[in-house]
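Engineer: Next input, structure requested:
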Amino acid sequence: MVDVAAKQDTHRVAIAAGRIVMRPETLQKIMDGTASKGDVLGIARVAAIQGAKRTSDLIPLCHPIALTSVNVEFKMLDDASAVECTARAESVGRTGVEMEALIAVSVALLTIYDMCKAVDRGMRIEGVRLMEKRGGKSGLWQAGPS
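Structural biologist: Numbering: from 1, shown residues only. Alright, predicted model coming up:
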């Protein structure tokens, strides 16, 4: 692990995004709430938050972080037959929350896959990436256009 003892506590924010592409019928089941396993997006939101909180258990050299907030949003992309997930993680501490935001998105999308795989095994998770990070010595960083 990196020694962060000399760093100052600052408000840290990270935003990550990604999407899962599926057949139009699968997206419709999610939108209608008719997937056989239940409320796909509700369960994916809870899974994302749980994942963010357990990041240091999953990524060997990540510091355990006391998160102050994790917000997960979903957007239906009819034209792409996809669900886009955006996660925002926040803390006040000595190290960033980029991994927590990335894990939240990844776990949300994997949960959607798990809940819909019986009807669509060909779903694809794409473009999981960091969009923005704030706080610490380096200040603000934002991804450029993709």
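Engineer: State the phi and psi torsions of the residue positioned nearest the centre of the chain.
Structural biologist: When Cα atoms, centre = their mean is applied to the chain, the residue found nearest the centroid is residue 105 (1.7 Å). Backbone torsions of residue 105, given as degrees, to the nearest 10, read phi -60, psi -50.
Engineer: OK, contacts around it?
Structural biologist: Shown in contact with residue 105 (Cβ atoms under 8 Å, 6 or more residues apart in numbering): 16-18, 48, 85-87, 128. C-betas here are computed from N, CA, C, even on glycine.
Engineer: how about a cut-off of 7 Å?
Structural biologist: With contact set as Cβ atoms under 7 Å, 6 or more residues apart in numbering, residue 105 has these partners: 16-18, 48, 85, 87, 128.
Engineer: helices or strands up against the least confident helix or strand in the chain by mean pLDDT?
Structural biologist: Lowest by mean pLDDT, DSSP states H and E among the helices and strands of the chain is strand 141-142, with a mean of 94. Strand 141-142 sits against strand 124-134, with contacts defined as 3 or more Cβ pairs under 7 Å, 6 or more residues apart in numbering; DSSP states H and E.
Engineer: With just CA atoms, put the strand it packs on into PDB.
Structural biologist: What follows is strand 124-134, C-alpha atoms only, in PDB (Å, rounded to 0.1, in the frame of the first residue of the first chain):
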ATOM      1  CA  ARG A 124     -22.000  -6.700 -23.300                       C
ATOM      2  CA  ILE A 125     -20.500  -4.500 -20.600                       C
ATOM      3  CA  GLU A 126     -18.700  -1.600 -22.200                       C
ATOM      4  CA  GLY A 127     -16.800   1.600 -21.600                       C
ATOM      5  CA  VAL A 128     -16.300   1.400 -17.800                       C
ATOM      6  CA  ARG A 129     -14.200   4.500 -17.100                       C
ATOM      7  CA  LEU A 130     -13.400   7.300 -14.700                       C
ATOM      8  CA  MET A 131     -15.200  10.500 -15.700                       C
ATOM      9  CA  GLU A 132     -14.000  12.900 -13.000                       C
ATOM     10  CA  LYS A 133     -12.100  13.100  -9.800                       C
ATOM     11  CA  ARG A 134     -11.800  16.000  -7.400                       C
END
